[in-house]
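**Q** Let me see the structure of the following:
(one chain, ligands or ions: 2)
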Amino acid sequence: MELLKCEGVSKIYGNGNNQVTALDGIDLSVEKGEFVAVIGASGSGKSTLLHILGSVDQPTAGKVIVDGVDISAMNRTQAAIFRRRKVGLVYQFYNLIPTLTVRKNILMPLLLDKRKPNQEYFDQVVKTLGITDKLEALPSQLSGGQQQRAAIARSLVYRPALLLADEPTGNLDQKNSREIIDMLKLSNRNLKQTILLITHDEKIALEADRIITIEDGRILSDEKRG
Ligand SMILES: Nc1ncnc2c1ncn2[C@@H]1O[C@H](COP(=O)(O)OP(=O)(O)O)[C@@H](O)[C@H]1O
Ligand SMILES: [Mg+2]
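**A** Ligands and ions are numbered 1, 2, ... in the order given. The predicted model follows:
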């Protein structure tokens with residue numbers, strides 16, 4: 001089943017002489033359950049693409065369909081709700097709320113919608129991420145790697161159709177980076193989570209099922225592996 005489709009997606013920032021073409025006609029299709037790495041040099045348009053796929057930003061032209069919904073046509077309110085319920089976003093910095101326990105941080109997307117977690121799924125997510133015994137701690141009591149795992153758990157708690165991660169290991173040492181990538185692979189396998197992972201690290205990209213290389217806002221290559 002096709003989970004994500006981009007057709008002719010372009011993004012131009014600024015106007016007049018200050019125009020920057022960040023994306024230039026991106027066509028892309030991702031199947032449910034795929035683990036895709038997006039690789040490219042700094043400034044190639046990776047984060048712009050991720051923001052558009054996550055309905056954080058809108059394309060200048062083109063169409064984006066996620067889980068059967070045309071997100072390129074949404075207004076701000078619709079986009080915010082869609083983002084909370086359908087996509088998980090993970091960034092280089094974890095953005096956990098320092099005054100709330102890890103458990104509350106993870107549950108925050110559900111609490112905002114006054115929803116209750118599915119206990120079995122919640123347990124499975126925190127177990128997969130190896131933070132079951134950290135749930136009552138505050139973020140500051142966790143290592144960087146553990147905080148990033150909590151941020152990933154938060155992004156998974158709504159069972160998002162799509163997990164988007166932008167350089168999630170950019171702030172971590174090698175050992176913690178390794179662990180985070182292993183956790184993402186595990187969630188891809190155990191929870192059948194569709195993942196789009198942005199990285200500029202080729203070694204990390206090699207862990208994915210498919211590698212898309214972008215350069216100057218265009219897809220340079222798109223290779224399935226394994
Ligand atoms: N908000 C913005 N306003 C203007 N230009 C931007 C903005 N965000 C990104 N850009 C430009 O768009 C291009 C792609 O940026 P980005 O998507 O952040 O690349 P990457 O994540 O691959 O490093 C760069 O030239 C960058 O300077
Ligand atoms: Mg970036």
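**Q** tell me which parts of this structure are close to ligand 2?
**A** Within the chain, the positions near ligand 2 by C-beta under 5 Å from the ion are 46, 47. For every residue, glycine as well, the C-beta is placed using N, CA and C.
**Q** Strands along the chain, start to end?
**A** 2-13, 20-31, 35-39, 61-66, 69-70, 87-90, 162-166, 195-199, 210-215, 218-224 (DSSP state E).
**Q** Can I get the second one in PDB, CA atoms only?
**A** What it means is strand 20-31. The C-alpha coordinates for strand 20-31 follow below in PDB (Å, rounded to 0.1, in the frame of the first residue of the first chain):
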ATOM      1  CA  VAL A  20      16.000  30.300  -3.000                       C
ATOM      2  CA  THR A  21      14.700  27.100  -4.700                       C
ATOM      3  CA  ALA A  22      15.000  24.600  -1.800                       C
ATOM      4  CA  LEU A  23      13.000  21.900  -3.600                       C
ATOM      5  CA  ASP A  24      12.700  21.500  -7.400                       C
ATOM      6  CA  GLY A  25      10.100  19.000  -8.600                       C
ATOM      7  CA  ILE A  26      10.200  16.100  -6.200                       C
ATOM      8  CA  ASP A  27       8.300  13.000  -7.200                       C
ATOM      9  CA  LEU A  28       8.300  10.300  -4.600                       C
ATOM     10  CA  SER A  29       6.300   7.300  -3.500                       C
ATOM     11  CA  VAL A  30       6.800   5.400  -0.200                       C
ATOM     12  CA  GLU A  31       5.100   2.100   0.700                       C
END
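**Q** separation between the residue nearest the centre of the chain and residue 80?
**A** Nearest to the mean C-alpha position of the chain, by C-alpha atoms, centre = their mean, lies residue 164 at 1.3 Å. Separation of residue 164 from residue 80 (C-beta to C-beta, to the nearest Å): 15 Å.
**Q** What's the local residue count around residue 132?
**A** By other C-beta atoms under 10 Å, the residues close to residue 132 number 11.
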